[in-house]
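# starting from these lines, generate the structure:
(one chain, ligands or ions: 3)
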Amino acid sequence: MSKNLIQFIIEEQRAIPSASGDFTGLLSDIVSACKQIAHDVNKGALIGVLGSAGSENVQGETQKKLDVITNEVFLKANEWGGHLAAMASEEMDDIYHIPARYPKGKYLLTFDPLDGSSNIDVNISVGTIFSILRCKDGVTNPTAEDFLQPGTKQVCAGYALYGPATMMVLTTGHGVNGFTLDRDVGDFFLTHPNMVIPEDTAEFAINVSNQRFWEAPVQRYVDECLKGKTPGGREKNFNMRWVASMVAEVHRILTRGGIFMYPLDTKEPGKGGKLRLLYEANPMSFIVEQAGGMSTTGRERIMDLKPTGLHQRVPVILGSKNEVERVTGYHKGL
Ligand code: AHG
Ligand code: MN
Ligand code: MN
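Ligands and ions are numbered 1, 2, ... in the order given. Next up, the predicted model:
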């Protein structure tokens with residue numbers, strides 16, 4: 001039988017002499033949250049959780065009932081353990097302080113509790129994305145400012161994918177490993193050790209309905225992919241996918257390669273992109289880089305960006321190295 005996720009993490013942590021067990025405890029709480037979310041997402045209409053909540057989040061997006069429920073599940077599963085100083089979520093205006101009745105810990109947790117939530121009512125894959133940062137030494141009452149750390153500072157990043165199977169994929173900076181939930185046993189087991197993104201690909205993912213709003217380098221890249229060998233002048237023809245769940249797209253790329261783009265566009269000027277740096281772009285960039293892929297805004301490495309706001313959005317171009325390099329080159333005018 002393969003290792004379960006917690007056994008895998010405990011063994012990984014043993015290699016770090018200073019590890020106190022705090023991180024393992026935190027991850028175990030995150031795993032519990034994702035199992036609960038997998039249950040709720042799977043039951044769907046049977047437990048009345050589909051449809052709109054009738055509210056808007058801080059970014060002006062209509063919240064689904066499950067956006068609200070999964071946010072609550074994540075908070076409740078992670079607030080009590082004594083591992084966290086605070087949390088920040090895509091679904092909440094401000095950071096979440098650990099209630100006074102619980103001890104505080106040294107980590108900060110950011111998360112997107114339900115990614116791809118436009119897919120939930122039509123029974124297509126959704127996910128959860130999370131990122132763990134260290135809280136500055138001596139800070140017991142963190143502010144939003146304490147979360148504004150570049151992606152290179154992440155201690156761990158992961159996602160859960162609620163698809164035909166529920167999976168959890170994560171990195172602590174030593175490669176990427178994937179675990180599959182065995183519902184009968186109630187545990188995630190290591191099924192995808194050392195996931196590696198192929199350097200080359202013939203598959204791209206972008207929401208083409210935004211084409212008229214893109215910048216010239218992305219227009220050029222996608223145009224060439226669409227035209228393929230002839231008349232595009234590329235060495236191959238391309239296939240295309242768009243699930244509208246970033247977790248599902250990244251998982252496909254980790255499995256068989258590909259390039260995913262949610263680039264800068266002029267649809268809503270000043271927005272700076274669609275995906276959120278702290279809850280989506282940074283954790284996914286950490287995972288993709290650890291699997292040998294690349295992740296940029298087109299102009300800079302995403303993990304090098306110094307965040308300026310909790311809900312900051314950024315352009316995202318990630319996946320197979322050679323294609324991401326090509327698009328980045330087009331942005332540089334090569
Ligand atoms: P969320 O459901 O957390 O708001 O995220 C949705 C994101 C991402 O997962 C996906 O790639 C993208 O938004 C889809 O956007 P479009 O609907 O514009 O294609
Ligand atoms: Mn999302
Ligand atoms: Mn979301």
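# would you mind listing what in the stretch 51-200 of the chain touches ligand 1?
61, 90, 112, 115-118 (C-beta under 6 Å from any ligand atom). In this view, the C-beta of every residue, glycine as well, is placed from N, C-alpha and C.
# for this structure, what's the longest helix?
For the chain, the helix with the greatest residue count under DSSP state H is helix 22-43.
# what residues of it count as buried?
22-38, 40-41 (16 or more other C-beta atoms under 10 Å).
# check those residues against ligand 3, which are close?
Among these, not one lies near ligand 3 by C-beta under 5 Å from the ion.
# how close does the closest residue to residue 6 other than its chain neighbours sit to residue 9?
Nearest residue to residue 6, sequence neighbours excluded (C-beta to C-beta, 6 or more residues apart in numbering): residue 28, at 5.5 Å. Distance of residue 28 to residue 9, given as C-beta to C-beta, to the nearest Å: 8 Å.
# ok, residue 57 next?
Residue 57 is 31 Å from residue 9, by C-beta to C-beta.
# isn't residue 251 up against residue 168?
No. The criterion here is C-beta atoms under 8 Å, and residue 251 misses it with residue 168 at 10.7 Å.
# now for those two: what residues contact both?
The contact sets of residue 251 and residue 168 overlap at 159, 161 (C-beta atoms under 8 Å, 6 or more residues apart in numbering).
# residue contacts, whatever residue of the stretch 151-300 of the chain ends up closest to ligand 3?
When scored by C-beta to the ion, the stretch 151-300 of the chain has residue 279 as its residue closest to ligand 3, at 7.5 Å. Taking C-beta under 8 Å, 6+ apart, we find residue 279 in contact with 88-90, 110-112, 129, 131.
# let me see the backbone angles for it.
When read as degrees, to the nearest 10, the backbone of residue 279 gives phi -100, psi -20.
# about what we covered before: skip ahead from the longest helix of the chain and say which helix or strand is next.
strand 52-56 (DSSP states H and E).
# can you map out the helices along the stretch 101-250 of the chain?
Using DSSP state H, counting those that start in this stretch, the helices of the stretch 101-250 of the chain run over 216-227, 246-256.
# what is the longest one packed up against?
Yep, that's helix 216-227 we're talking about. Helix 216-227 sits against helix 321-331, with contacts defined as 3 or more C-beta pairs under 8 Å, 6 or more residues apart in numbering; DSSP states H and E.
# quick one: work out the angle between the helix it packs on and helix 216-227.
130 degrees (axes from the mean of the first three to the mean of the last three C-alpha atoms, to 10 degrees).
# identify the bridge partners of whatever residue of the chain ends up closest to ligand 2.
Proximity of the chain to ligand 2 (C-beta to the ion) peaks at residue 115, 3.5 Å away. In this entry, residue 115 is beta-bridged to residue 127, by DSSP bridges.
# now it: how far from ligand 3?
5 Å (C-beta to the ion, to the nearest Å).
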